[in-house]
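please find the sequence and the predicted model below.
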Amino acid sequence: MGQRPSPADIERLPAHQRPTMREMGRRSEAAEHPFKPMPPDEARSSSMATIATRPIAGGRPTILVAHIGQRDVVTAACPLALDLGLHPGMAAAQARALVADIDVRDADPDRDRAWLERLALHALSHWTPTASVCPPDGLWLDLTGTTHLFGGEPRFCARVLGFLRRLGFCASIAIADTPGAAHALARYSGRSITIVPAGAQAQALAELPLSALRLEPKARVAAARFGIERIGDLYRMPRGPLARRLGLAAIERLDQATGAVAEPIVPIVAFETPLAERRLLEPIGTVDAIARVIGDLVDDIVEVLQRRGLGLRQGAITCSVVDGGAQRIAIGTARATRDPGHLKRMFAMRIERIDPGLGIEAMTLSVPRVEPLGAELLGASLVPSEHLSDIAPLVDQLSGRIGSRAIFRVGSLESDVPERGVRKVGPLASAPGWPAWKRPVRLLHRPEPLSQVIALLPDHPPRRFVWRGTQYRVVGGDGPERIHGEWWRSVREMWAVRDYFRVEAEGGARFWIFRRGDGVEATTGDLSWYMHGMFG
């Protein structure tokens, strides 16, 4: 039986060869307190952050390998592999020779790019309004005017790193005035968080290797030939000889990193709005000409929507007038559609709202709200049957004339109290089924009291009553239908009772009235009468 290694011998072993906690006789170890105090807030007026990500490895060192030219090259390495001396750019055969039990996986740049785009979209909705993918393994974030929402730049960096750690990635983040400086410091500073004061990016970059400037391979080879190793070595060299030796692209990268030249960043867009545009050779102002151009715009936008599998829910046409003004009309649909005939009719109803002035020289149709619209199953038989026709076009045309709020459908709710059992729903919503009890066609929003009621208690309808100043004599009645209060909603309804009657008055008018109380127990109601609805 061998001798147990000492703690010093264990610390000298590589991380992937150290014994586990259970092998060392320990089942747990001390952890830092989870509620540590955060550093104080800091803020700046303008900043750019770059995040460089890489996956966290498990128990084995892991590398990604891609076939470049005639050999396999390491494109990425986990922190454990980096500690063992493996690095991107190394030959895969050399990496296998250095570490025997290494986990080698094929690189997939397309999936990496897709993951970075998803992370950029998350950043747009949670961190900053401007984000861009920084290939091959990072993001650019424009943090101007946003870090104070997270308690300052240090807290923002800690929050982002914690979020990525929960996803299974470790990262380094740098904040600087320029994208080039943030890119270089995030990858070559050796720290997980780097925050450069405003205007100090040149000093922060001086000690970094020349490869941090994202130079071409030819420029790096030429710089090594002349003994240029650090970015700070370029500051003291004349621009003319430097451009001849390294090329104009190297000078541009240096100026972009130091802030002398702006570096445009193409942000990622969460949703590209479908758009169609027509620029006219001569200004137009007649209704027929405007309708013809609208028809062309609708045909163009329908093709765009069809390619993307979308349907229009809201559309807007903007007309650019000669005098510099703009006229705008908009439509909305009850259901996603890309029927060109229907859309043209909808816009035609609003042409009269356009004031062409001296003439319209350009028109644009945009679709700010869309919904997925796929194929629709028509059924096994094309013979006309009981299938109801689509009323969405009718709803759209009525909404265009009287307003969308004036069109609705009455739906039912699960409630015993009649005035609570109905609600307004959308005109195309599928309303749930109605109960089998007979209910009036018109139900008052609130029951109205009746006066001068003559009735026999407890189970007879009234013989006469007065409602809204008119006296009614009852010639027939049916009831009662007893409805109890909803005791789970209010204590006052614990013993409440309503007895409803369907009555017919002289002249043929039929009403739905009720009495509060059962006529026996005083706690069930005060025996007052109310009108609640009318039949027919």
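Looks like it came in fine. Numbering: from 1, shown residues only.

spatially central residue for the chain, please.
Geometric centre of the chain, nearest residue: Ser125, 6.9 Å, by Cα atoms, centre = their mean.

and that residue, what element?
helix 109-126 (DSSP states H and E).

one more: Ala334?
strand 326-337.

picking that back up, so for the helix holding Ser125, mean pLDDT?
For helix 109-126, mean pLDDT is 88.

for Ile454, see how far away the residue nearest to the centre of the chain is.
Separation of Ser125 from Ile454 (Cβ to Cβ, to the nearest Å): 67 Å. For the C-beta atoms, the positions are set from N, CA and C on the backbone; glycine is no exception.

ok, the closest residue in space to Ile231 that isn't next to it in sequence - contacts?
Nearest non-adjacent residue to Ile231, counting by Cβ to Cβ, 6 or more residues apart in numbering: Leu205, 4.8 Å away. Taking Cβ atoms under 8 Å, 6 or more residues apart in numbering, we find Leu205 in contact with Ala181, Ala184, Leu185, Ala212, Ile231, Gly232, Ala257, Thr258.

ok, 6 Å please
For Leu205, the contact set (Cβ atoms under 6 Å, 6 or more residues apart in numbering) comprises Ala181, Ala184, Ile231, Ala257.

then Ala171?
Ala171 neighbours (Cβ under 6 Å, 6+ apart): Ile51, Thr53, Leu161, Leu164.

rerun at 10 Å
51-54, 56, 137-139, 157, 160-161, 163-165, 186, 192-193 (Cβ atoms under 10 Å, 6 or more residues apart in numbering).

hang on, it in a strand?
Yes. Counting by DSSP: H, G, I helix; E, B strand; the rest coil, one finds Ala171 located in a strand.

got a list of what Arg159 touches?
Met38, His126, Trp127, Phe150, Gly151 are the contacts of Arg159 under Cβ under 10 Å, 6+ apart.

which of the three states applies to it?
Going by three-state DSSP: Arg159 is helix.

quick one: which of the contacts of Leu205 is nearest to Thr75?
Nearest to Thr75 among the contacts of Leu205 is Ala184, at 19.5 Å by Cβ to Cβ.

what helices or strands is whatever helix or strand the closest one lives in leaning on?
Assigned by DSSP H and E, Ala184 falls within helix 179-188. Here helix 179-188 is seen to pack against strand 48-55, strand 131-134, strand 138-142, strand 169-176, strand 193-195, helix 201-205, helix 248-258 when contacts are counted using 3 or more Cβ pairs under 10 Å, 6 or more residues apart in numbering; DSSP states H and E.

ok, residues contacting the helix or strand following the last one?
Read that as helix 248-258. For helix 248-258, the following helix or strand on the C-terminal side (DSSP H and E) is strand 275-284. Strand 275-284 is contacted by residues 289-290, 292-294, 296-304, 315, 317-322, 356-368 when judged by Cβ under 10 Å, 6+ apart.

and the residues you listed, which are buried?
By neighbour count, with 16 or more other Cβ atoms under 10 Å, those hold 289-290, 293-294, 297-298, 300-302, 304, 315, 317, 319-321, 356, 359-367 as buried.

ok, back up a step: mind listing which of the contacts of strand 275-284 are in helices?
Applying DSSP state H to the contacts of strand 275-284, the entries found in helices are 289-290, 292-294, 296-304.

just for the chain, where's the confidence low?
1-8, 10-46, 54-58, 375-389, 431-435 (pLDDT under 70).

domain ranges for it, per the record?
40-60+102-270, 275-372, 440-535 (automatic domain parsing).

how about CSV for these, with distance to Asp83 added?
Supplementary listing: the domains of the chain in CSV, determined by distance: least, Cβ to Cβ, whole Å:
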stretch, distance to Asp83
domain 40-60+102-270, 10
domain 275-372, 47
domain 440-535, 63
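
can you count the residues close to the residue lying closest to Ile301 once chain neighbours are set aside?
For Ile301, ignoring the flanking residues on the chain, the nearest one in space by Cβ to Cβ, 6+ apart is Ala276 at 4.4 Å. For Ala276, the count of nearby residues is 20 (other Cβ atoms under 10 Å).
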